[in-house]
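> Let me see the structure of the following:
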Amino acid sequence: MSWARRASAALFKDSLAKRLFLLLWLSLVLSHVLAFATVRWLHFSDASPPGLQPAEGPGAHPPPPPPHRAAGPGAGPGEPGRLPTFPSLPPTRGLQMLEQPSGPPRGAGPGGPRPPGLNAAQTALDYGVRLLVMALAAWLGSRWLAQPMRRLMQASAGLGDAVKGRAPLPQLDEGSGTFEVREAARLYNQMARQMRQQFNERGLLVAAISHDLRTPLTRLRMRLETLSLEEGPRRAAVGDIVEMSAMIDSVLELFQGDGLASTEAAQIQDLSALLTALSDDLSEQGHAVHCSGPPARVRAQPSALRRVFGNLLGNAIRYGGSAEVSVVLEDQRVRVRIEDPGPGIPTEQLEAVFQPFYRLESSRNRHTGGTGLGLYIARDLIERQGGRLQLSNRAEGGLCAEVELPLA
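Okay, the predicted model is just below:
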């Protein structure tokens with residue numbers, strides 16, 4: 001009886017195949033029924049009622065007798081002829097009925113009189129009703145069947161940001177829909193939870209390793225500084241340790257940024273005031289930094305903006321020696337330009353520098369080069385605030401970093 005149970009389960013299970021079968025079957029049946037009813041009603045309403053045609057008016061005269069029959073009351077007995085008529089009496093319907101020629105009426109058959117067949121207009125109406133009903137059923141049915149796929153598409157679109165902790169994890173309803181839809185929702189939710197867990201575990205692992213490396217590196221640096229070595233080799237060894245420590249700090253900042261995006265709340269703040277404060281700090285340290293522009297209120301995470309613009313201003317000072325900051329308002333957005341007179345970046349590498357751990361050949365030294373994570377973190381944080389960051393070379397030489405954010 002296992003086959004019977006399987007057949008019964010397949011028959012009563014709500015599946016996409018069953019919905020598609022019911023949709024096609026109902027649309028075809030409904031199209032035929034509606035077309036038949038519409039055309040039948042129009043056809044019989046236009047057809048003449050069965051029976052004989054009445055006289056055209058009270059003064060109408062009876063039709064003339066056939067040529068082979070005698071006319072009038074003088075017809076002999078047994079001889080076919082017309083019934084006698086009396087001019088003083090009005091013509092009656094009964095007499096006209098008796099005078100009609102013998103034989104079945106036109107269009108009559110064994111079942112009685114039948115109306116003529118469908119004309120061209122009625123045939124076109126018949127097919128038009130069928131096509132209209134099937135098209136409407138197909139449109140509604142396609143939306144009905146595609147609704148679970150649209151929900152899955154919307155959830156998948158936000159999965160990337162959710163896995164990185166930038167947004168809540170999208171969840172699909174596992175209790176509604178067909179068997180296939182419920183199973184797909186269950187597997188999707190399970191996959192999303194596992195992806196977020198693996199991403200968090202990876203971040204914790206890298207952060208733990210980076211943190212654990214700090215202690216032995218610090219001890220090694222202290223020992224090198226106390227050893228009686230020549231100044232050149234000792235300074236080179238200490239420089240290597242400093243570079244490794246800086247790389248560890250950058251990796252920790254990268255994962256701290258992921259945590260920052262999911263914990264710190266966005267606030268309305270004056271972007272021009274923040275840029276002015278950063279520029280003043282650098283000016284007090286002896287760097288040539290100038291900031292200009294109108295007030296601009298944005299909604300963003302304060303720590304994220306400070307890290308982004310601090311990194312961009314630091315790059316401008318490091319490679320160009322000075323920085324010019326300008327703020328421009330246009331179309332509900334604010335545009336910040338940080339320009340420096342440095343060497344710039346080759347055009348084919350303007351996008352590559354945003355990749356993690358990517359460093360230009362000219363900056364691969366411990367004196368000017370970083371770890372290759374600063375611009376990657378900066379663009380990532382700006383995109384989380386709903387903005388964008390891009391680099392371009394100035395026509396007169398140097399580099400321009402442009403940040404665009406929506407106004408609050």
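> For residue 352, give its distance to residue 389.
14 Å (C-beta to C-beta, to the nearest Å). In short, each C-beta sits where N, CA and C put it, glycine included.
> again with residue 213
Taken as C-beta to C-beta, the span from residue 213 to residue 389 is 30 Å.
> Next: residue 245.
According to C-beta to C-beta, residue 245 and residue 389 sit 27 Å apart.
> quick one: buried residues of stretch 190-198?
By neighbour count with 16 or more other C-beta atoms under 10 Å, stretch 190-198 contains the buried residues 192, 195, 196.
> which residues touch the closest residue to residue 185 other than its chain neighbours?
Among residues not flanking residue 185 along the chain, residue 172 sits closest, at 3.7 Å (C-beta to C-beta, 6 or more residues apart in numbering). Counting by C-beta atoms under 8 Å, 6 or more residues apart in numbering, residue 172 touches 151, 152, 155, 184, 185, 188, 189.
> Identify the farthest-apart pair in those.
Within the contacts of residue 172, 151 and 189 form the most distant pair, 12.1 Å apart (C-beta to C-beta).
> picking that back up, columns distance to residue 217 on top of the buried residues of stretch 190-198, output as CSV?
Shown next, in CSV, are those (distance: C-beta to C-beta, whole Å):
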residue, distance to residue 217
192, 38
195, 33
196, 32
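> mind putting those in CSV, distance to residue 31, secondary structure and pLDDT included?
CSV is the format used below for these (distance: C-beta to C-beta, whole Å; DSSP: H, G, I helix; E, B strand; the rest coil; pLDDT from 0 to 100):
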residue, distance to residue 31, secondary structure, pLDDT
192, 42, helix, 87
195, 47, helix, 86
196, 49, helix, 82
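> Nearest to residue 142 among those residues?
Nearest member of those to residue 142, counting by C-beta to C-beta, is residue 192, at 27.3 Å.
> Can you classify the residue lying closest to the closest one once chain neighbours are set aside by secondary structure?
In space, residue 192 comes closest to residue 169 once its chain neighbours are excluded; the distance is 5.6 Å by C-beta to C-beta, 6+ apart. Here residue 169 is coil, with the state taken from DSSP: H, G, I helix; E, B strand; the rest coil.
> related to what we said a few turns ago, just give me the closest of the contacts of residue 172 to residue 310.
residue 155 (36.1 Å).
> Only the buried residues of the helix or strand where that closest one lies, if you could.
Secondary structure from DSSP states H and E places residue 155 in helix 120-157. Residues 125, 126, 129, 130, 133, 134, 137, 141, 148, 151, 152, 155 are the ones in helix 120-157 that count as buried (16+ other C-beta under 10 Å).
> if we can go back for a sec, more neighbours: residue 352 and residue 389, which one.
residue 389 (20 against 11; other C-beta atoms under 10 Å).
> hang on, that one in a helix?
No: under three-state DSSP, residue 389 sits outside any helix and is assigned strand.
> okay but it is in contact with residue 382, surely?
Yes: counting by C-beta atoms under 8 Å, residue 389 touches residue 382, with 4.6 Å between them.
> what's the closest non-adjacent residue to the residue positioned nearest the centre of the chain?
Central residue of the chain (C-alpha atoms, centre = their mean): residue 154, 6.4 Å from the mean position. Closest residue in space to residue 154, ignoring its immediate chain neighbours: residue 170 at 7.6 Å, by C-beta to C-beta, 6+ apart.
> now that neighbour: how far from residue 131?
Applying C-beta to C-beta, the value for residue 170 to residue 131 is 40 Å.
> ok, how many other residues are close to the residue lying closest to residue 353 once chain neighbours are set aside?
Ranked by C-beta to C-beta, 6+ apart and with sequence neighbours excluded, the top spatial neighbour of residue 353 is residue 375, at 5.3 Å. By other C-beta under 10 Å, the residues close to residue 375 number 21.
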